[in-house]
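Visitor: Quick one, what's the 3D model for this:
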Amino acid sequence: MQKRSFGKTGMEVSVLGFGGAEIGFEGANAAAVREILSAALDAGLNVIDTAECYMDSEELIGEAVSSRRDDFYLFTKCGHKWTYTEEAWGAADIAESLERSLKRLKTDYVDLLQLHSCSKKILQKGECIKALQKAKEEGKVRFIGYSGDGDDALYAIKTGAFDVLQTSCSIADQEVIEKLLPLAGEKGMGVIAKRPIANAAWRFPSRPQNNYLHEYWERLRDLKYDFINGNTDAAGETALRFTLSCPNVHTMIVGTTKPTRWLENAKIVDKGNLSEAEFEKIRARWKQVARKDWVGQV
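Guide: Predicted structure coming up:
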């Protein structure tokens, strides 16, 4: 699998990584996670990204592949106690969260620890940034990052404190292409694209029940891309390769609970970037249709 230099971190990351949200929120079992991750590592994946609040995702990953710790870069996030709604940005909270993550992941360090959708207001206080820097000094974290979108992410980039940015980037979420990615590139940051296929919201002929999908579903309905024409596989390929083609994106994290899905996605990214004409056609449609309130989705 193609690898890209991950900004100033010096890591060479696979362009397709594994996102750990689904296995936690959708109740994957340990055997399935072991099968998915073992096959992915064998095929060249070397990025696994998770978070402290993705249910039992960290534990599942630790159980599945901690014995292969040298084969991949391990990323997690902090800023919440147990669920995404329980914010905890104090230094003691972050230290406790990291220790809990290390235990769950069965490792003594993570390659990247990210602040998880932290607001500009919290960032300006500085305590959470200092907590990450301390963890880095102690050797429990190799690099520190910010995961988020919009003006909060823009502020995080401008601080110069972070090695890595994780942000939403897809056919349905393109604000980042002009607002964040150029500056992240100037700062030498590694960039992780989350939700790179817009949660495949085109799969639903009518408004989906899951409100997490509503924003992208609504946007895609207005965008009316010609490649979303009932062929969900073709749409997924174009969507994934679009994000791959975005300047300054180094790796894209895709989650799944299906053992064969990651390998199918790997075959897609092996086709490389879209042609310049294909990429610019999607960009042009976005610029024509997108409203001012179509901001990056956390």
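Visitor: Contacts only, for residue 18.
Guide: 36, 37, 40, 45, 47, 48, 49, 253, 254, 255, 262 (CB atoms under 8 Å, 6 or more residues apart in numbering). Backbone N, C-alpha and C define where each C-beta goes, glycine included.
Visitor: And the helices in the stretch 101-250 of the chain?
Guide: Remark: helices assigned in the stretch 101-250 of the chain by DSSP state H, counting those that start in this stretch are 120-125, 127-137, 150-159, 175-179, 181-186, 214-223, 232-245.
Visitor: so which of those gets nearest residue 63?
Guide: Nearest to residue 63, of all these, is helix 127-137, at 23.5 Å by CB to CB.
Visitor: Quick check: buried residues in the closest one?
Guide: 128, 129, 131, 132, 135, 136 (16 or more other CB atoms under 10 Å).
Visitor: ok, now stretch 64-81?
Guide: Per 16+ other CB under 10 Å, stretch 64-81 contains these buried residues: 64, 65, 72, 73, 74, 75, 76, 77, 78, 79, 80.
Visitor: So the second one sits against residue 37, correct?
Guide: I take that to be residue 65. Yes. Assessed by CB atoms under 8 Å, residue 65 is found in contact with residue 37 at 4.9 Å.
Visitor: Give me the common contacts of these two.
Guide: residue 48.
Visitor: residues contacting residue 164?
Guide: Residues near residue 164 by CB under 8 Å, 6+ apart: 6-7, 9, 112, 114, 143-146, 189-192.
Visitor: nearest to residue 282, of those residues?
Guide: residue 191 (18.8 Å).
Visitor: partners of that closest one in the sheet?
Guide: residue 165 (DSSP bridges).
Visitor: what about the most centrally placed residue in the chain, distance to residue 47?
Guide: The residue lying closest to the centre of the chain (CA atoms, centre = their mean) is residue 194, at 3.0 Å. Between residue 194 and residue 47 the distance is 12 Å, computed by CB to CB, to the nearest Å.
Visitor: quick one: common contacting residues for those two?
Guide: With CB under 8 Å, 6+ apart as the test, residue 194 and residue 47 both reach residue 253.
Visitor: Closest one of the contacts of residue 164 to residue 30?
Guide: residue 112 (24.1 Å).
Visitor: Next up, the contacts around the nearest residue to the closest one once chain neighbours are set aside.
Guide: Of all residues not flanking residue 112 in the chain, residue 75 sits nearest, at 4.1 Å (CB to CB, 6 or more residues apart in numbering). Shown in contact with residue 75 (CB under 8 Å, 6+ apart): 47, 48, 49, 50, 110, 111, 112, 113, 114, 145, 192.
Visitor: Walk me through which strands whichever strand or helix holds residue 75 pairs with, and which way each runs.
Guide: According to DSSP states H and E, residue 75 maps onto strand 73-78. The strands that strand 73-78 pairs with in its sheet are strand 47-49 (parallel), strand 110-116 (parallel) (by DSSP bridges).
Visitor: got JSON lines for those, with mean neighbour count and distance to residue 60 too?
Guide: Output for these, formatted as JSON lines (neighbours: other CB atoms under 10 Å; distance: least, CB to CB, whole Å):
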{"stretch": "strand 47-49", "mean neighbour count": "26", "distance to residue 60": "11"}
{"stretch": "strand 110-116", "mean neighbour count": "26", "distance to residue 60": "16"}
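Visitor: can you list those strands in CSV and add distance to residue 21?
Guide: Shown next, in CSV, are the strands paired with strand 73-78 (distance: least, CB to CB, whole Å):
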stretch, distance to residue 21
strand 47-49, 9
strand 110-116, 11
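Visitor: With distance to residue 185 and mean pLDDT as extra columns, can I get those strands in TSV?
Guide: Output for these, formatted as TSV (distance: least, CB to CB, whole Å; pLDDT from 0 to 100):
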stretch	distance to residue 185	mean pLDDT
strand 47-49	19	98
strand 110-116	18	97
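Visitor: For residue 109, see how far away the residue nearest to residue 112 is.
Guide: As judged by CB to CB, residue 75 and residue 109 stand 12 Å apart.
Visitor: go on, residue 290?
Guide: For residue 290 relative to residue 109 (CB to CB), the value is 41 Å.
Visitor: Show me the strands in this structure, by range?
Guide: Using DSSP state E, the strands of the chain run over residues 3-5, 12-14, 16-19, 47-49, 73-78, 110-116, 141-147, 164-168, 190-194, 251-254.
Visitor: how about those, which one is nearest residue 201?
Guide: strand 164-168 (12.8 Å).
Visitor: Perfect, I'm done here.
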